[in-house]
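>>> mind folding the following:
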Amino acid sequence: MNLRDLPLGSLVVRDGLAAPATVREALFEARETNRRLGEVMLARGYIGERDLARLLAEQAKLEFVDLATVNPSEAAVDELPEPVAERAQAIAYGFDDEHLLVAVGDPTDEHGLSELQDALDRPVRFTVAVPSEIEALSGAFGKPLLRGA
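Next comes the predicted model:
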């Protein structure tokens, strides 16, 4: 079990998304099945994908971005190599001063974040988005994500 699971459980209870007993039950299942708390809570329907992404963003101290309300820059999308975007479940969607804005579905994937940073020739500012929205936006730009499909 990842130590990050305990704060996530506290955030779930704090926001009223699940009762403490439900979080304890999900923590037990996560430990028994070697999965993360968020995965278990999502699979059981205790929390939704958007709530999980928002809480993971808060936990990682990153901004949550609603990709449904973003008008992505094609130039930004094109900066991120497609194979790297697929592996990291990410999409570049805009610019902020000197930074490329890159939304990720899993901010706890340190290998993926590192790979994204290494693949780009400019400073990156990571945000967190709902994974299905990343996939939908990727598909809209002709860059379908295969991960999780």
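>>> all contacts plus neighbour counts: C-alpha atoms, from now on.
Fine.
>>> find the centremost residue of the chain, please.
G105 (2.1 Å; Cα atoms, centre = their mean).
>>> quick one, strands of this structure?
63-64, 90-96, 99-104, 124-128 (DSSP state E).
>>> reformat the ones you listed as JSON lines; add mean neighbour count and distance to A21.
JSON lines is the format used below for those (neighbours: other Cα atoms under 10 Å; distance: least, Cα to Cα, whole Å):
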{"stretch": "strand 63-64", "mean neighbour count": "18", "distance to A21": "27"}
{"stretch": "strand 90-96", "mean neighbour count": "23", "distance to A21": "33"}
{"stretch": "strand 99-104", "mean neighbour count": "23", "distance to A21": "30"}
{"stretch": "strand 124-128", "mean neighbour count": "22", "distance to A21": "28"}
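>>> any idea how far Y46 is from the residue of the chain most remote from its centre?
Computed with Cα atoms, centre = their mean, the residue of the chain farthest from its C-alpha average is A21, at 25.6 Å. Going from A21 to Y46 by Cα to Cα, to the nearest Å gives 12 Å.
>>> now do L101
Counting by Cα to Cα, the gap from L101 to Y46 is 30 Å.
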